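**Student:** can you look at this prediction? I've put the sequence above it.
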Amino acid sequence: MKRGKKYLEAAKLVDRTVLYDVNEALGLLKKVPTAKFDETVEVHVRTGCDGRHADQQIRGAVVLPNGTGKTVRVLVFAKNEKADIAKEAGADYVGGEELIPKIQNEGWLDFDVVVATPDMMGVVGRLGRVLGPKGLMPNPKAGTVTPDVAKAIAEIKAGKIEYRLDKANIIHCPIGKISFPEDKLAGNFQTLIDAIIKAKPSTLKGTYLKSVTLSTTMGPGIKLNPMRLTNG
């Protein structure tokens, strides 16, 4: 993969043989912004889990105390009173059955998170092939299948993010923008890592956090010392 000049210059500041502390890594990230836009700061956690086993799947959600810096568009599948509550709570889009062809046939995906009341999951289930691969399918573990739509919307708008294993058993999550002060990024990072550590499967043998890397959208990865984050 060919890298740009800015990326290569930024990469020179990162010692690939060193496992950094969180605060060192965040300080370094601040010195190596490579893009002209406000990049997202991302955490990549390589786990020792084997997601092919149901008891080693990791999926959950956590509210970052300092938000994500991103405006999140929320689509809620609800009807009657719950639909009215969702609108009042600030959902960007609210609907039911009538949204199926719009999403399925017209390719409408102008939303970032999908919330559904339990009674609407029969409808939403028909969108599995579209929403599933994009990570948009509502899920009880992530708090996006819930009768309390107002609470779900408030948390998502406040900075709730979902974490889950990908096919390579890695968790990728945003923790804010590079413009955030270091202490706010550190607070968000700690909240996320604490949630991931708490989600460690009881059946897992061996090392849980194999590697933890911080990066910006366009910048080089900075490896952290996972032993400083957990004794697991």
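**Tutor:** Looks like it came in fine. Numbers count the residues shown, from 1 in each chain.
**Student:** CA atoms for contacts and neighbours, from now on please.
**Tutor:** Fine.
**Student:** outline the domain layout of this structure.
**Tutor:** 5-67+160-228, 74-157 (automatic domain parsing).
**Student:** looking at those, which one has the lowest mean pLDDT?
**Tutor:** Among the domains of the chain, domain 5-67+160-228 carries the lowest mean pLDDT, at a mean of 89.
**Student:** what about Asp110, how many neighbours?
**Tutor:** Per other Cα atoms under 10 Å, the neighbour tally for Asp110 reads 12.
**Student:** then the one 5 residues further on?
**Tutor:** By the other Cα under 10 Å criterion, the neighbourhood of Val115 contains 31 residues.
**Student:** list the contacts for it?
**Tutor:** By Cα atoms under 8 Å, 6 or more residues apart in numbering, the contact list for Val115 reads 74-77, 138, 144-146, 149, 152-153.
**Student:** can you list those in TSV and add distance to Asp183?
**Tutor:** Below are those laid out as TSV (distance: Cα to Cα, whole Å):
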residue	distance to Asp183
Val74	28
Leu75	32
Val76	33
Phe77	37
Pro138	32
Thr144	29
Val145	32
Thr146	33
Val149	31
Ala152	26
Ile153	26
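**Student:** give me the beta-bridge partners of Pro174?
**Tutor:** Here Pro174 sits in beta bridges with Glu42, going by DSSP bridges.
**Student:** thinking again about what came up before, among the contacts of Val115, which lie within strands?
**Tutor:** 74-77 (DSSP state E).
**Student:** most widely separated two among those?
**Tutor:** Using Cα to Cα, the ones in strands among the contacts of Val115 span at most 10.0 Å, a distance reached by Val74 and Phe77.
**Student:** those two: which is more packed in?
**Tutor:** Between Val74 and Phe77, counting by other Cα under 10 Å, Phe77 is the more crowded of the two (27 against 22).
**Student:** the more buried one bridge partners, please.
**Tutor:** Where Phe77 sits in a bridge, its partners, by DSSP bridges, are Gly95, Ala116.
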